[in-house]
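Student: Any chance you could fold what I've pasted below:
(2 chains)
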There are 2 protein chains.
Amino acid sequence: MSVTFAQGFSAAGIEAGISAAGKKDLALVVNNGPLDAAAGVFTPNRFCAAPVVWSRAAVSDGHIKSVILNSGGANACTGEAGYAQSKATAETVAGLLGCDADDVAVCSTGLIGELLPLDRVLDGAKAAHAALASTEQAGADASQAIMTTDTKPKTVELTGSTGFKIGGMVKGSGMIAPQLATMLCVITTDAVVSAGQLQAALAVATEHSFNRIDVDGCMSTNDTVLLLASGASGVEPDSDEFNKLVSQACASLARQIIGDGEGASHDIKITVTGATTEEAALACGRAVAASNLLKCAISGNDPNWGRIVSSLGTVPPDVAPYDVEKVTVDVNGVRICEHAGAGRDRSEVDMTPREVCIDIDLNAGEAEATVWTDDLTHEYVHINADYES
Amino acid sequence: MSVTFAQGFSAAGIEAGISAAGKKDLALVVNNGPLDAAAGVFTPNRFCAAPVVWSRAAVSDGHIKSVILNSGGANACTGEAGYAQSKATAETVAGLLGCDADDVAVCSTGLIGELLPLDRVLDGAKAAHAALASTEQAGADASQAIMTTDTKPKTVELTGSTGFKIGGMVKGSGMIAPQLATMLCVITTDAVVSAGQLQAALAVATEHSFNRIDVDGCMSTNDTVLLLASGASGVEPDSDEFNKLVSQACASLARQIIGDGEGASHDIKITVTGATTEEAALACGRAVAASNLLKCAISGNDPNWGRIVSSLGTVPPDVAPYDVEKVTVDVNGVRICEHAGAGRDRSEVDMTPREVCIDIDLNAGEAEATVWTDDLTHEYVHINADYES
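Tutor: Numbers count the residues shown, from 1 in each chain, chains lettered A, B, ... in the order given. A predicted model of the protein is given here:
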């Protein structure tokens, strides 16, 4: 279903010959209104890609009619020629839809540093436009067209208590780090909401979802999250419920990214409790999530708490005050570290589930935060070292 | 030669049965004077090991007569019992040498979270004391006894223009990150220098050597660098030359750690020039050195500049001001990125040498810094995932 789950949206996903993988590689999402409210969040990477520059400006007035997305090339670090490609793509879509080019957002993902085969993108835009539909299949096609090293499409569908709907799709598997990830995400809703409401909901939702996952610590040049509202349901949602559902949609999509992390054999959920502030909890969680040694140990099914506390110990005391003697670490419910030393024997930890829960209690306060990462496997190295360049 | 290169030092390296690997695992270094000046630098990890707590206090008065080092166990996160082991070890050595226990430094490396087999350590101390010699072989034995996943011993020997000597040994291969590394290092000199001079020389030297290497971003609990002066040469060195040689010794040992990084197939030298400040250059270099994606690409012999600039782009502008359009990136002398886009074709880069030089010019100022890392290989994952736990 993905982006066509909410009323007022059509979509398509087609094979345009952009990706060398010979798969669907171009998606089009169109908001058929009556509203065209939109909000966006983008990578803070200073080497951000041409489509990010274009789309950030396009969404700045709170209105987007359509999003065109391609896999098979990031159009990043491609200079003025790359920007001209994003602009031409938006203009082509605008011509097909009869709207302004700055009502069209553009998203690209793939290799950095190469221009796109523009003819194929523009021909693809026309073919996608011809294929637009509001069906379940059309939404599914779009979610497949944006995949790169993803092994499966990632979508979400939620319904509010008053009948409004939220649907979404995301791609992302590697180059995933806090401050977004190499991910493109489009979420649609048929609720009657303003651009300001959308932006507020999206800011909170991304902060607690996409900004708390880390596959490999590598921030992308192309990250884009767009939230579009058609108003087609006619329902003005309760704003708390709407915000909560947008957060739930982002959390679900972020969780799916972790579940499909490049080469991963375990998803690692790191919850830090008992911190003095949420920032302190987050800093501790991120430090643990960034440890290659821990990620390797987990891939070898070893709940190596020494690698957990040695990462925790790198967070400066002014960032996260705690007493090392009071910290406890549980892995999958077994307290294997306490009093800065060994607790129960780590052989008691069942490491067979894909999801590994690391619960760290700093015993210093009341704040907490959760971050997600993947283990580091032979397959991750294989994907990122032995690729065809 | 290592620590016995300078006059006034004896050493031993023996098999004490501490390490499961069945290798030399206990080293003893003794300063026979006439001076016993010493300086030390230790891990800032908050979960620092018992021997670090002991040795930091021991060296704080500027005097150390002897250092005992073991592989086969880190004695980290072992609580009061672990501290008692470090203390008992120092007391045993002190009894053998007829000095105070707080003139004996203790260093341990190996698995975190387990106590040492203390009887073997203490028996080993006696055997090592009996084997003490000032020969080349004795120094070599000591440098072998501290190895863990190291594939070769790492030593340095330098002679000043006025005849004083500096020798040293280090171990370290994984859990290597800025702010020291999982490394134990003992450097000896026969120069006539004060503890204050030693500390000043060592602080500068470690900042520009061990603090600028990063195998896997993981900070250890046990890092220790000790610098001992016997004064046995009778030479009072020029202080500039002495500082320079200590820096050179540390740089050589740090370079050897990178050359023996766990599983590494390439050593990566990242030099950032044209920065507004050295801190800015360093922040950029560290960001690039921390990229798993780049490290995988290099192991696959791909000079993937997209992964270089996407890492560079994560450094906030207030930390390192630069204009992305002006940044250039050379890999092994080939300018493959300029004007935030592709430069010469990356197929022109010869990736066959083990050493890969990444030269980044920010074109924003005059400051520069160099950091070192290793590539990320299947073998790294194998070493850190498939070990016997």
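Student: what sits against the residue in the stretch 1-150 of chain A that chain B sits nearest to?
Tutor: The minimum distance from the stretch 1-150 of chain A to chain B, using Cβ to the nearest Cβ, falls at A:I112 (2.7 Å). To be clear about C-beta, it is placed using only N, CA and C from the backbone, and glycine gets the same treatment. Neighbouring residues of A:I112 by Cβ atoms under 8 Å, 6 or more residues apart in numbering or on different chains: A:49, A:74, A:76-77, A:221, B:305-307, B:309-310.
Student: where does the stretch 51-200 of chain A dip in pLDDT?
Tutor: Flagging of the stretch 51-200 of chain A using pLDDT under 70 yields the residue ranges A:174-182.
Student: So which of the contacts of A:I112 wins on neighbours?
Tutor: The most crowded member of the contacts of A:I112 is B:S310, carrying 34 neighbours; neighbours defined as other Cβ atoms under 10 Å in any protein chain shown.
Student: Please, where are all the helices along the stretch 251-389 of chain A?
Tutor: A:278-289, A:292-299, A:305-312, A:378-385 (DSSP state H, counting those that start in this stretch).
Student: Any chance of CSV for those, columns distance to chain B and mean pLDDT?
Tutor: As requested, these are exported to CSV (distance: least, Cβ to the nearest Cβ, whole Å; pLDDT from 0 to 100):
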stretch, distance to chain B, mean pLDDT
helix A:278-289, 9, 92
helix A:292-299, 4, 89
helix A:305-312, 3, 88
helix A:378-385, 4, 81
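Student: and of those helices, who's closest to B:L184?
Tutor: Proximity to B:L184, assessed across the helices of the stretch 251-389 of chain A by Cβ to Cβ, is greatest for helix A:305-312 (15.5 Å).
Student: And that closest one, how far out from the chain middle?
Tutor: Once both centres are worked out by Cα atoms, centre = their mean, to the nearest Å, helix A:305-312 turns out to sit 27 Å from its chain's centre.
Student: With stretch A:57-77 instead?
Tutor: Average the C-alpha atoms of stretch A:57-77, do the same for its chain, and the two points are 15 Å apart (Cα atoms, centre = their mean).
Student: and that stretch, how far apart are its ends?
Tutor: Using Cα to Cα, to the nearest Å, the end-to-end distance of stretch A:57-77 comes out at 18 Å.
Student: Buried residues in it, which are they?
Tutor: Of the residues in stretch A:57-77, those with enough neighbours to count as buried (16 or more other Cβ atoms under 10 Å in any protein chain shown) are A:58-59, A:63-77.
Student: A:V327: what's it in contact with?
Tutor: A:V327 sits in contact with A:309, A:312, A:337-338, A:340, A:360-363, where contact means Cβ under 8 Å, 6+ apart.
Student: Please apply the same query to A:V104.
Tutor: By Cβ under 8 Å, 6+ apart, A:V104 lies in contact with A:58, A:64-68, A:89-91, A:93-94, A:97.
Student: now do A:I146
Tutor: A:13, A:27, A:69-71, A:107, A:109, A:169, A:171, A:184.
Student: In strands, which of these fall?
Tutor: When those are checked against strands using DSSP state E, the ones located there are A:13, A:27, A:69-70, A:107, A:169, A:171, A:184.
Student: of those, closest to A:P316?
Tutor: Looking across the ones in strands among the contacts of A:I146 and measuring by Cβ to Cβ, the closest to A:P316 is A:L184, at 34.8 Å.
Student: Surely the closest one touches A:A105?
Tutor: No. A:L184 lies out of contact with A:A105 (Cβ atoms under 8 Å); the separation is 10.2 Å.
Student: Let me have the ones in strands among the contacts of A:I146 in TSV, extended by distance to chain B.
Tutor: As requested, the ones in strands among the contacts of A:I146 are exported to TSV (distance: Cβ to the nearest Cβ, whole Å):
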residue	distance to chain B
A:G13	25
A:A27	23
A:L69	19
A:N70	17
A:C107	16
A:M169	23
A:K171	17
A:L184	15
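Student: of those residues, closest to A:A385?
Tutor: Proximity to A:A385 was ranked across those by Cβ to Cβ; first place goes to A:K171, at 21.7 Å.
Student: Format the contacts of A:V327 as a markdown table; extra columns: distance to A:H208.
Tutor: Listed next are these as a markdown table, based on distance: Cβ to Cβ, whole Å:
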| residue | distance to A:H208 |
| --- | --- |
| A:V309 | 26 |
| A:L312 | 22 |
| A:C337 | 27 |
| A:E338 | 29 |
| A:A340 | 30 |
| A:I360 | 18 |
| A:D361 | 20 |
| A:L362 | 20 |
| A:N363 | 24 |
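Student: mind listing which of the residues you listed are in strands?
Tutor: When those are checked against strands using DSSP E, the ones located there are A:337-338, A:360-361.
Student: of these, list those near chain B.
Tutor: Restricting the ones in strands among the contacts of A:V327 to those within reach of chain B (Cβ under 8 Å from any Cβ of the partner chain) leaves A:C337.
Student: With neighbour count added, can I get the ones in strands among the contacts of A:V327 in a markdown table?
Tutor: Formatted as a markdown table, those follow (neighbours: other Cβ atoms under 10 Å in any protein chain shown):
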| residue | neighbour count |
| --- | --- |
| A:C337 | 27 |
| A:E338 | 19 |
| A:I360 | 27 |
| A:D361 | 19 |
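Student: Out of the contacts of A:I112, flag the one nearest to A:S291.
Tutor: Within the contacts of A:I112, distances to A:S291 taken as Cβ to Cβ reach their minimum at B:R307, with 20.2 Å.
Student: and that closest one, how far is that from A:F47?
Tutor: Using Cβ to Cβ, to the nearest Å, B:R307 is found at 11 Å from A:F47.
Student: And A:D359, by the same measure?
Tutor: Here A:D359 is placed at a distance of 37 Å from A:F47 (Cβ to Cβ).
Student: With neighbour numbers in mind, choose between these two.
Tutor: The residue with the greater number of neighbours, taking A:D359 and A:F47 and applying other Cβ under 10 Å, is A:F47; the counts read 25 against 19.
Student: contacting residues around the more buried one?
Tutor: Per Cβ under 8 Å, 6+ apart, neighbours of A:F47: A:76-77, A:221, B:309-310, B:312-313, B:324, B:340.
Student: Tell me if it really is in a strand.
Tutor: No. If the criterion is DSSP: H, G, I helix; E, B strand; the rest coil, then A:F47 is coil and not within a strand.
Student: quick one: secondary structure of the nearest residue to A:S134 once chain neighbours are set aside?
Tutor: Nearest in space to A:S134, with sequence neighbours left out and distances taken as Cβ to Cβ, 6 or more residues apart in numbering or on different chains, is A:S10 at 4.7 Å. The assignment at A:S10 comes out as strand when based on three-state DSSP.
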